[in-house]
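Participant: Any chance you can model this:
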Amino acid sequence: MIRIAVDAMGGDYAPGEIVKGAVQAAGRRDDIQIVLIGQEAVVAEELKKHTYREGQIEVRNATEVIATEEPPVNAIRKKKDSSLVVGMNMVKKGEADAIVSAGSSGAILVGGQVIVGRIKGVERPPLAPLIPTETGVSLLIDCGANVDARPSHLVQFARMGSIYMENVVGIKNPRVAIVNIGAEEEKGNALVKETFPLLKACEDINFIGSIEAREIPHGGADVVVCEAFVGNVILKLYEGVGATLISKVKEGMLTSLRSKIGALLVKPALKETLKSFDASKYGGAPLLGLNGLVVKTHGNSKATEVCNSIIQCVTFKEQGINEKIRESLGTEKTE
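Facilitator: Down below sits the predicted model:
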């Protein structure tokens, strides 16, 4: 059984959607055990609304909640009995194989490094979400953890991202590219110019050079490497354009009787196409390079994304991603 801690109090729709997502995940897999962490009475009341296999979901009490606007370091240090800190400590102690949270990004990043701890040799753990593309999915690494990254950090991101894509997604010899403002090697800011030759010299990754942002949705690379400021802008723009495009398509289809008739005809095909670009089905963003698995889902995650984030943890654990990262860095012990 793979044991997964879930922060039931984190996110815009907690605890309702979080609990619902956990129940959905339990229904899909009988080899997982889910621990919902939060204010016991509140979480238990939500759990009563659902049917699930006895013994597969339990509630662990945590009296405090870390709010999104709280300073992350202070929140992690002072709120020892918060749902997030209790869950992180479960992972640290080996009481859980992973934790999933839709809570404060800053607190998750701080807690991951301070409580769960980095794998020895990992300089900076990156957040790495899967994003939908024309040909499948790409891994965007880093999308929010390290805004002041150094070249050596980006090289590690490329290595860890390659391991993740090969073992979790099943893409052999994944193509790695660095985000740039042009395809030419001499282009880019100082960070990109310094990192490019280092990636080029890595024999253990399939580095294909630079990738411009417009090529990302086309699936131009399997692992898209960048520092967190750029990555977060790409991710948020990706989500915003996608939502706006869907809204405008729907609006256009309802402008006249003819368009409404046409909408009825194309609805099945359009629905299937849009489903393939739904990022929620890929789960959350793992914080790679830690001693245990920490997965950050969107703050506005609904049950589907929470469910898929929990399922995502199973593959991560089964494929021994942390062990493979240690091996790639040539380290045995953890810090």
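Participant: So which elements touch the helix or strand harbouring residue 177?
Facilitator: Taking DSSP states H and E as the criterion, residue 177 maps to strand 175-179. Applying 3 or more C-beta pairs under 8 Å, 6 or more residues apart in numbering; DSSP states H and E, one finds that strand 175-179 contacts helix 151-164, helix 190-200, strand 206-211, strand 223-225, helix 228-253. Backbone N, C-alpha and C define where each C-beta goes, glycine included.
Participant: Check which residues of stretch 319-332 are buried.
Facilitator: The neighbour-count check on stretch 319-332 (16 or more other C-beta atoms under 10 Å) flags 319, 321-322, 324-326, 328-329 as buried.
Participant: whoops, I mixed them up, stretch 201-220
Facilitator: By 16+ other C-beta under 10 Å, the buried positions in stretch 201-220 come out as 205-211, 213, 215-217, 219-220.
Participant: ok, now stretch 22-38?
Facilitator: Using 16+ other C-beta under 10 Å as the test for burial, stretch 22-38 gives 22-26, 29, 32-38.
Participant: re earlier: residue 175 is nearest to which of the helices and strands packed on strand 175-179?
Facilitator: Closest approach to residue 175 among these is made by strand 206-211 (4.8 Å; C-beta to C-beta).
Participant: ok, that closest one: who's next to it in the sheet?
Facilitator: Partner strands and pairing direction for strand 206-211 (DSSP bridges) are strand 175-179 (parallel).
Participant: Spatially, which two of the buried residues of stretch 22-38 are the most separated?
Facilitator: Largest separation among the buried residues of stretch 22-38 by C-beta to C-beta: 29 and 38, giving 21.7 Å.
Participant: Pick the one among the buried residues of stretch 22-38 closest to residue 178.
Facilitator: Using C-beta to C-beta, residue 25 is the member of the buried residues of stretch 22-38 that lies nearest residue 178, at 34.7 Å.
Participant: Wait, a helix at the closest one?
Facilitator: Yes: with DSSP: H, G, I helix; E, B strand; the rest coil as the criterion, residue 25 is assigned to a helix.
Participant: pLDDT score assigned to the closest residue to it other than its chain neighbours?
Facilitator: Computed as C-beta to C-beta, 6 or more residues apart in numbering, the closest residue to residue 25 that is not its neighbour in sequence is residue 310, at 3.9 Å. On the pLDDT scale, residue 310 is placed at 95.
Participant: Likewise for residue 147?
Facilitator: Value listed for residue 147 in the pLDDT field: 87.
Participant: Likewise for residue 283?
Facilitator: pLDDT, read off for residue 283, is 76.
Participant: so what's it up against?
Facilitator: Residue 283 sits next to 130, 295, 297, 305, 308-312 when contact means C-beta atoms under 8 Å, 6 or more residues apart in numbering.
Participant: 6 Å instead?
Facilitator: Residue 283 is in contact with 308-309, 312, counting by C-beta atoms under 6 Å, 6 or more residues apart in numbering.
Participant: that older thread, which single one of the buried residues of stretch 22-38 is nearest to residue 247?
Facilitator: When the buried residues of stretch 22-38 are ranked by distance to residue 247 (C-beta to C-beta), residue 24 comes first, at 26.5 Å.
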